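S.K.: Below: sequence and its predicted model.
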Amino acid sequence: MKRRIHVWDLPKNKIYVQFNEDFRKNLFNLAIKEFGSFVKLGKFLNVKRADTTIATNWRNGTNCCPLDLMIKLANKISVPLKELEKNIKEVRYKSNIHKRGGNSGKPIINPKLPIVIDDNFAEILGHICGDGTISRSNIKKGIYLKYINSEPVLIEKFKRLIKETFGKIEPNIQIRGGGNYKRPNYYLQYPSIVSMFVLKVFDYKPKGGMNIPDFIFGMSKKSKARFLRALFDDESCVIAGKGISIGLKPINPLKNIKLLIEELGIKTGNLYSYKIPSGDMWRFSIGKMKSLKRFDKIIGFVHPSKSEKLKYTIYKKRRFERYDNSEPKNKIINLLKDKGELTADEISKELNRSKETIIQHLRNIHKDGLINNLNNQNRSVWYINQQNVA
C-alpha cells in the first residue's frame, strides 16, 4: 500500500509550483551556469520567450512554474527531486493547460509534501464517502472536493483535517437554509489540487458507483476506526435507548463497511433493504450492549448529539442488563410465592430496591410467563402464574 503521495505522482503537466525564494534563486543560477543563457535554457525546456517567461516570471517568482519542466531541469542540473519537493511553497492544479499563464486554480500554501496517508487522511476519506464528493462533471472548470453537513462541529473538524493533511488552504463556503432545510447546511468546496492528491490513491465514484477504498483494510486499527468514525458521523442514525443504524443506497460499500467494523470486534445485525421515494436503501444496525460499548471506545462520534445519544443508550442498556440478573428475579418470585398478591411499590419496599428497577424486573419476569398482573380495587398487583412456576 502507498504510504505517501509525492508531488511528482500527480499529472506533472498540469501541476504548477512556486518555490521558496532562496531555493528558486539558486535553482535558476545553477541553470544559467549549466546553459550559459536563458535563451539556451528556453530551448532545452521548449519555452518560447525565455527572456520573459523564465528570466522574469519564473526566476522572480511572479508566476508559478510547470512542475514537469522543473523536474526536467532539476534532473539536468543534478538537483534531487526530494530537495525540489521540500522547497515548494505553493502548489496548484491547472485544469485547462491551453489557457495562458500558470496561475490558475487556488493553491495550497506551504503544502505538507509528501502527503502522508495516515489517520487524518483516512478520516477525510470517510467523510468523502459520507457527506462528501469529488465532482468530475465538468473537468475543464475543475475537479472539486465538496463536503456538506448541517453540524458546525463536523464542518470545523473537516476544515482542520484538510489543513493538517495538505497545508494552508481555505474552502469556498456557502450556507444553504430555508425551504426543506431543517438546519442551515454548510457547503465546503476545495480546489482541484486537493482532489488530485486524493484521486491518486482513491478512484472515488459518486452515487451508485461509490465504494470505500480497498487499502483501508490494510491500514492500522486506528486508521480504520477514524475512517469509520467519519462515515458514521455523516451517515448513521443513533436511536436513543436502542442503538446505531447506518444506511446507503448502494449495497457494496455497505457490505464493506460491515466487514470493516466487524474486523474491529463489533458485531452488527444483518443487512436489510427498505423503500424510500427515490428507490431502495440498504441498512444494518448495531444494538448489542457489548458492541455499542466497543463502538464507543474504539470509534466513537465527533457529532455531539450522536455521541450524547450513544452514551445515553449504553447507560440505559447497562441498567437493563442488571434486570436480567437471576438473583433479583428469584427474590421477586419467592416473595410473591410467600406473600401472594403484591404491588410494585410493596415489592420495592420488601426488597429495598427502587420502584423503577422493580417494575423493569417485573416486566421481564412477566415476559417469561412466570407471573401475571391484575388491577384489583384500583391496585395493580402481581401474582405467581401457578401453571408455569412449581
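M.R.: Noted; the coordinates are in hand.

S.K.: which stretches of the stretch 101-250 of the chain form helices?
M.R.: For the stretch 101-250 of the chain, the helices defined by DSSP state H, counting those that start in this stretch occupy 119-129, 152-166, 192-201, 221-235.

S.K.: For Leu84, find the nearest of those.
M.R.: helix 192-201 (17.0 Å; CB to CB). Just so you know, the C-beta spots here come from the backbone N, C-alpha and C atoms, and that holds for glycine as well.

S.K.: any idea of the angle the closest one forms with helix 119-129?
M.R.: Here helix 192-201 points in a direction 100 degrees away from that of helix 119-129 (axes from the mean of the first three to the mean of the last three CA atoms, to 10 degrees).

S.K.: name the helices or strands packed onto helix 192-201?
M.R.: strand 4-5, strand 88-93, helix 119-129, strand 132-135, strand 144-149, helix 152-166 (3 or more CB pairs under 8 Å, 6 or more residues apart in numbering; DSSP states H and E).

S.K.: Switch the helices of the stretch 101-250 of the chain over to CSV; also include distance to Val389.
M.R.: CSV is the format used below for the helices of the stretch 101-250 of the chain (distance: least, CB to CB, whole Å):
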stretch, distance to Val389
helix 119-129, 53
helix 152-166, 53
helix 192-201, 64
helix 221-235, 45
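
S.K.: In JSON lines, list the ones you listed along with mean pLDDT.
M.R.: Listed next are the helices of the stretch 101-250 of the chain as JSON lines, based on pLDDT from 0 to 100:
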{"stretch": "helix 119-129", "mean pLDDT": "98"}
{"stretch": "helix 152-166", "mean pLDDT": "98"}
{"stretch": "helix 192-201", "mean pLDDT": "97"}
{"stretch": "helix 221-235", "mean pLDDT": "98"}
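
S.K.: nearest to Pro304, of these?
M.R.: helix 152-166 (5.7 Å).

S.K.: outside of the closest one, which residues touch it?
M.R.: For helix 152-166, the external contacting residues (CB atoms under 8 Å, 6 or more residues apart in numbering) are 108, 111-112, 115-116, 118, 120-121, 123-124, 127, 147, 149, 169-171, 186, 188, 190, 194, 197, 233-234, 302-304.

S.K.: which one of the helices of the stretch 101-250 of the chain lies closest to Tyr181?
M.R.: helix 152-166 (14.1 Å).

S.K.: My guess is Ile251 contacts Arg283. True?
M.R.: No: look at Ile251 against Arg283 with CB atoms under 8 Å: they stay out of range, at 10.1 Å.
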